[in-house]
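Peer 1: my questions are about this predicted structure, shown below with the sequence.
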Number of protein chains: 2
Amino acid sequence: MNRKAQIRKTLANAGLKATVQRLVILEALTNNYSHPTAESIYKQIKKDYPSISLSTVYNTLEVFRQCGIIRIVNTDSITARYDSVTDMHHHIFVENDNKIKDYYNPELDKILKKFFSKNKIPNLEINDIQLQIRGKYIKIHAN
Amino acid sequence: MNRKAQIRKTLANAGLKATVQRLVILEALTNNYSHPTAESIYKQIKKDYPSISLSTVYNTLEVFRQCGIIRIVNTDSITARYDSVTDMHHHIFVENDNKIKDYYNPELDKILKKFFSKNKIPNLEINDIQLQIRGKYIKIHAN
DNA sequence: TCCGAGTTAATAATCGTTCTAAATTAGGAA
DNA sequence: TTCCTAATTTAGAACGATTATTAACTCGGA
């Protein structure tokens, strides 16, 4: 199944009409691994689809979020950054350039799950566990 | 050393003048474990010190943040929430009531540190590792 | 005490987001 | 297909949180 068909399927599963706007917004987000802001999704889409409204981008992202097909990344910034991956994964916050990278590591996931099944937090039903790794990229000198 | 003396010391170590405003703001934050917003710190302080300005609260929190004596908690919300604890700890996001609780567990910290010293991320110098645990509080029925 | 840098207060400005209401559109029924 | 209705989109106003501006104040050193 190609990407566009996959996106249509995601919308159908969520019970959402497959409007042009929803298709392009979700496609923009799934093609973008930089955890973009609403504004930057809007700018990207506007190139090919100039009549799109910023409101629509915000509204649609909020609809997607409520359906659970996207998320807002937890950050210390005012501006929301969106993530189309809802499977278990972690984030690397790169201090040099304000980028957020995904970090996948099934071994780590296993360790975390094991830890919290042994060490239950009283009365809490855990829905999601996510690591935030904050760091700086360092230059490697070959000499 | 009492709390007020400790706060004075923290300011001195950061090279900051110990003004009344800074003292009350930092005291309010260190006494408050709910990761308050700027607005709620402002309201709390205003009771005892009515001439304080909301701007001062914002400015001062930002000064503290830049000095590294407080942090902004990573959240998916528009409103910044502040944390006076900068030692390694994690956060529990309680979905029922929008509260953020601290989670300390030295054993977990050891596991995480060990994992990342074994599994280095190329070119990345890690400054902080933090877990975000999202969940719901469940009622326990005794019968 | 006086000076000057640092700090604060009040408020205007800005930014990101949400709301509102009118226009448009999608998709089902006839 | 055409019509109908509810859902969706658009543009722009409104809003809330934060930041900037600037004049007044204050602290600590000379």
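Peer 2: On my side now, so go ahead. These figures come from a predicted structure and were not determined experimentally.

Peer 1: rest of the way, CA atoms for contacts and neighbours
Peer 2: Noted.

Peer 1: show residues contacting the top strand by length along chain A.
Peer 2: The strand that spans the most residues within chain A, counting by DSSP state E, is strand A:124-137. The contact list for strand A:124-137 (CA atoms under 8 Å, 6 or more residues apart in numbering or on different chains) reads A:88-96, A:112, B:123-138.

Peer 1: buried among these? Make that a PyMOL selection.
Peer 2: Here is the PyMOL selection string for the buried members of the contacts of strand A:124-137, based on 16 or more other CA atoms under 10 Å in any protein chain shown:
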select buried, (chain A and resi 89+90+91+92+93+94+112) or (chain B and resi 124+126+129+130+131+132+133+134+135+136)
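
Peer 1: got the domain ranges for chain A?
Peer 2: Listed domain ranges for chain A are A:3-83, A:90-135 (source: automatic domain parsing).

Peer 1: hang on, the earlier thing: run the chain-centre distance for the longest strand of chain A.
Peer 2: Chain-centre distance of strand A:124-137: 14 Å, with CA atoms, centre = their mean, to the nearest Å.

Peer 1: and stretch A:44-56, by the same measure?
Peer 2: Remark: stretch A:44-56 is offset 20 Å from the chain centroid, using CA atoms, centre = their mean.

Peer 1: and that stretch with DNA strand D, contact?
Peer 2: Yes - with CA under 7 Å from any atom of the strand as the criterion, DNA strand D is reached by stretch A:44-56 at A:51-56.

Peer 1: just stretch A:77-93 next, same as before
Peer 2: Yes - using CA under 7 Å from any atom of the strand, stretch A:77-93 reaches DNA strand D at residue A:78.

Peer 1: got the contact list for that stretch?
Peer 2: With CA under 8 Å, 6+ apart as the test, stretch A:77-93 has contacts from A:26, A:29-30, A:33, A:35-38, A:68-73, A:99-105, A:109, A:128-135, B:74, B:76-80.

Peer 1: quick check: bridge partners of residue A:101?
Peer 2: Bridge pairing for residue A:101 (DSSP bridges) gives the partners residue A:92.

Peer 1: so for stretch A:95-112, what gets flagged as buried?
Peer 2: Across stretch A:95-112, burial judged by 16+ other CA under 10 Å covers A:100, A:102, A:108-109, A:112.

Peer 1: which residues touch it?
Peer 2: Under CA under 8 Å, 6+ apart, the answer for stretch A:95-112 is A:33-35, A:88-94, A:129, A:134-137, B:115.

Peer 1: end-to-end on it?
Peer 2: 25 Å (CA to CA, to the nearest Å).

Peer 1: for stretch A:80-98, the distance to its chain's centre please.
Peer 2: 7 Å.

Peer 1: before we move on, what about stretch A:28-38?
Peer 2: Its chain's C-alpha centre and that of stretch A:28-38 lie 7 Å apart, by CA atoms, centre = their mean.

Peer 1: quick one: buried residues of it?
Peer 2: Along stretch A:28-38, these residues count as buried under the neighbour rule (16+ other CA under 10 Å): A:28-30, A:35-38.

Peer 1: how about stretch A:112-122?
Peer 2: Of the residues in stretch A:112-122, those buried under the neighbour-count criterion (16+ other CA under 10 Å) are residue A:112.

Peer 1: cool, and stretch A:53-68?
Peer 2: A:57-58, A:60-61, A:63-65.

Peer 1: from those residues, which is closest to DNA strand D?
Peer 2: The closest of the buried residues of stretch A:53-68 to DNA strand D turns out to be residue A:60 (CA to the nearest atom of the strand; 5.5 Å).

Peer 1: do the helix or strand harbouring that closest one and DNA strand C meet?
Peer 2: If you go by DSSP states H and E, residue A:60 is part of helix A:54-67. Yes - Helix A:54-67 lies within reach of DNA strand C by CA under 7 Å from any atom of the strand, at A:54-55, A:58-59, A:62.

Peer 1: ok, the residues you listed vs residue A:14, which is closest?
Peer 2: The shortest approach to residue A:14 among the residues of helix A:54-67 next to DNA strand C belongs to residue A:62, at 13.3 Å (CA to CA).

Peer 1: which residues touch that closest one?
Peer 2: Taking CA under 8 Å, 6+ apart, we find residue A:62 in contact with no residue.

Peer 1: roughly how far does it sit from residue A:69?
Peer 2: Separation of residue A:62 from residue A:69 (CA to CA): 10 Å.

Peer 1: got it, and residue A:38?
Peer 2: On the measure of CA to CA, residue A:38 and residue A:69 end up 16 Å apart.

Peer 1: what's the most centrally placed residue in chain A sitting at in phi/psi?
Peer 2: What sits nearest the mean C-alpha location of chain A, by CA atoms, centre = their mean, is residue A:83, with 0.9 Å. Here is the backbone geometry of residue A:83 (degrees, to the nearest 10): phi -140, psi 120.
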